[in-house]
Every structure is written in structure tokens, then in C-alpha cells.
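S.K.: got a structure for you, letters missing:
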């Protein structure tokens, strides 16, 4: 893995929209050589190979994992395939970067975490918001003690476009699919959560009921430290991608705003207009690049990357607790949620 100054050989598994985003970001890292791109669709695999200027392409991701010269794999495949591919790559001794989640079930996630631990390979999960410059700066100020004792946390995320109903049948529900990013930020910025109380409803997209899912959700959090928090989620935002986070402490607060895409603001007919981000790939373009740079740097330097598989397991427990709370109409303690 960049041993003796040689570039790290990477296989990219999955060449869809996000796969191509990761390919472009990897190709821009000097320490990386993309060896192989895999996708079940041969046309997508070839398009990914051409974009990466990779040596080869294949339709079976396991062939890519075993390809000569591969030191690390980047997994951007459907959620249902993550666990088996992570396990295969770990047993093959490869460094692993994977989109979240490891799996939708706690038991399977815990089993894969055990496999990864036994293999001793570096693993990083794609909770990209941790790498956004705004969230990273907030984390640094909190850790420096500038906010004092943390008292409150609030996060809001609204996606511009609702996902298709077909997607919802395999997404695990609104808390596991969407709220999970803000739940991870709650752990990242404030600490572990002791108890949750969650609600969800269908307010904008009646078709979501067909998948027994929701377009709007809210979760109240009580942290082990005593701090309190709220996570608001919506899969519908006609005014554009809408996201913000606030952490308040005894000595100060930090706010990560939904910034405009450009610094230009236009005034016309007694109104102000700016260019807003359309969706999360647009808003977190820098974070997607920075998380892969951090992974490659950790692999090159022999350090443990973060967020790791244990983070994925703990954040999944939190999302499952919210799902259970909504279903049972009661507060749920994290101690109740076990694999």
C-alpha cells in the first residue's frame, strides 16, 4: 500500500452515479492507481474503467477484489451487498472503504465487525459529513472546549427530491436511510446517546405509505452526558436542499448553516435571490473528496481510519432505536438495542 513509494492499487466496486463521483475523486489523488472497476452492468463497468483510466474492468466485484495489484477496495454497491463484499475483502487482506451502512440488521453488522477485527485490516465507512469543512471546524472547536459543557444539539436535513417508492422497499426506513447521517453527527459532535423518542409521518408523499415508510420524521435525543438534542428529517424540500446543525454549550455555540452555492446574492422586485445547492452530492462535493483522501492517507501511513466499523454499528443502533421508538410509541433506551 504505497510501500516503497509505490501508489496504492484500488479496485472500485460499483460504477453508478456515486461510484463515478468516487472514481473522479480517487483519480485526483497522487498516491492512487485505480487497478479495476467492477459493476454488474458491463456498460457501466466500461464507463467507469474509462473514467478511471483503469487497467481493467469486470462484472463480478469479487474478481476485482482478487485482481493483481489491488491493495484497497472502495465499495459503492447497493446496500444489500455491502456486508458480503466487506467480509470478502477483509479476508483477502484488503484495506476497505465502504458506503454506509455495513448492513441494515444489527446482527449482521456485528458479525461483519467481528470479521474485520479478526482480519486486522483498515476499514472506513462513508459518513462524509464528518469531513465537510464546516463540520470539521465545529468538531475542532468543541474538542478545544470553546463551547464549554455541551447542553443542546439540533440537526435538520431536508432532501430536495423524494426517492422513488421502489427504493424505499430496500432502504430500511427513514431513520436508517436518511436520519442516520444526522444521528452520526450527534455522536461525532456531542457523544453517545442514552435514550431516544421518535415520531414519523407521511405528510407530502402519500405513496410512501405503500412501502410502510415516511417522508417526515423527528427524533428527540438524551445524551449520556445529560445534553439534549433534536433531529429533524424530511424527504421533500421544494425550495432546494436544506441542511443545518447547531451545537450549544455553556460558553458558546456553533452553527453549520445551509450555505449558498455561490457568494453572489441578487436583489430584484424587493426580494433577494441566491443560487442554492440542488442535492446532497452538490452540497457535500468537498466532503466526498476529503473522506477518500483521509482514507488513502491513513492506509499509506499505517493508521486506523475513522469513522470505522464500530462507528457504523453504534450509529445503526441509534437509528434502530429511533425506528423502534416510532413503532412502539415510547422512549427507547440504547441499552435495549442489542445485536
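M.R.: That came through, no problem. These numbers come from a predicted model, not from an experiment.

S.K.: Only C-alpha atoms from now on, for both contacts and neighbour counts.
M.R.: Will do.

S.K.: for the stretch 101-250 of the chain, what spans make up the strands?
M.R.: For the stretch 101-250 of the chain, strands defined by DSSP state E, counting those that start in this stretch occupy the ranges 123-125, 150-158, 193-201, 216-223, 228-234, 242-249.

S.K.: other SSEs contacting the helix or strand where residue 316 lies?
M.R.: Here residue 316 sits within helix 309-328, counting by DSSP states H and E. Here helix 309-328 is seen to pack against helix 106-119, strand 123-125, helix 180-189, strand 193-201, strand 332-333 when contacts are counted using 3 or more CA pairs under 8 Å, 6 or more residues apart in numbering; DSSP states H and E.

S.K.: for these, which one ends up most surrounded?
M.R.: Using mean count of other CA atoms under 10 Å, the stretch among these with the greatest mean number of neighbours is strand 123-125 (a mean of 26).

S.K.: Strand partners (parallel or antiparallel) of it?
M.R.: Each strand paired with strand 123-125, and its direction, by DSSP bridges: strand 95-98 (parallel).

S.K.: Any idea how far the strand it pairs with is from the middle of the chain?
M.R.: Distance of strand 95-98 from the chain centroid (CA atoms, centre = their mean, to the nearest Å) equals 13 Å.

S.K.: same thing with stretch 116-125?
M.R.: For stretch 116-125, the distance between its averaged C-alpha position and the chain's averaged C-alpha position is 18 Å (CA atoms, centre = their mean).

S.K.: is it true that residue 289 touches residue 25?
M.R.: Yes: using CA atoms under 8 Å, residue 289 is in contact with residue 25, at 5.4 Å.

S.K.: Any chance of CSV for the strands of the stretch 101-250 of the chain, columns distance to residue 181 and mean pLDDT?
M.R.: Compiled in CSV, the strands of the stretch 101-250 of the chain are given as follows (distance: least, CA to CA, whole Å; pLDDT from 0 to 100):
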stretch, distance to residue 181, mean pLDDT
strand 123-125, 12, 98
strand 150-158, 9, 97
strand 193-201, 15, 98
strand 216-223, 13, 98
strand 228-234, 10, 98
strand 242-249, 11, 94
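
S.K.: Show me the domain layout of this structure.
M.R.: 3-121, 131-286+315-336 (automatic domain parsing).

S.K.: Please identify the buried residues of the helix holding residue 316?
M.R.: 309-326 (16 or more other CA atoms under 10 Å).

S.K.: Likewise for stretch 51-66?
M.R.: If you call a residue buried by 16+ other CA under 10 Å, then stretch 51-66 has these buried ones: 52, 53, 54, 56, 57, 58, 59, 60, 61, 64, 65.

S.K.: Max pairwise distance over those: which two?
M.R.: Using CA to CA, the two most remote members of the buried residues of stretch 51-66 are 53 and 60, lying 18.7 Å apart.

S.K.: show me what contacts the residue most central in space within the chain?
M.R.: Centroid-nearest residue in the chain: residue 127, 2.9 Å away (criterion: CA atoms, centre = their mean). Under the criterion of CA atoms under 8 Å, 6 or more residues apart in numbering, the contact partners of residue 127 comprise 99, 100, 181, 184, 307.

S.K.: before we move on, the earlier item: show me the one of the strands of the stretch 101-250 of the chain that comes nearest residue 78.
M.R.: Using CA to CA as the measure, strand 123-125 is the one of the strands of the stretch 101-250 of the chain that comes nearest residue 78, at 14.3 Å.

S.K.: And the contacts of the closest one?
M.R.: For strand 123-125, the surrounding residues in contact (CA under 8 Å, 6+ apart) are 95-101, 116, 295, 304-309, 312.

S.K.: can I get the strands of the stretch 101-250 of the chain in a markdown table with distance to residue 331?
M.R.: Listed next are the strands of the stretch 101-250 of the chain as a markdown table, based on distance: least, CA to CA, whole Å:
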| stretch | distance to residue 331 |
| --- | --- |
| strand 123-125 | 28 |
| strand 150-158 | 18 |
| strand 193-201 | 4 |
| strand 216-223 | 9 |
| strand 228-234 | 14 |
| strand 242-249 | 23 |
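
S.K.: Pick the most buried one from those.
M.R.: Among the strands of the stretch 101-250 of the chain, judged by mean count of other CA under 10 Å, the one packed with the most neighbours on average is strand 123-125 (a mean of 26).

S.K.: contacting residues for residue 34?
M.R.: Each residue near residue 34 by CA under 8 Å, 6+ apart is listed here: 9, 10, 11, 12, 26, 27, 52, 53, 54, 55.
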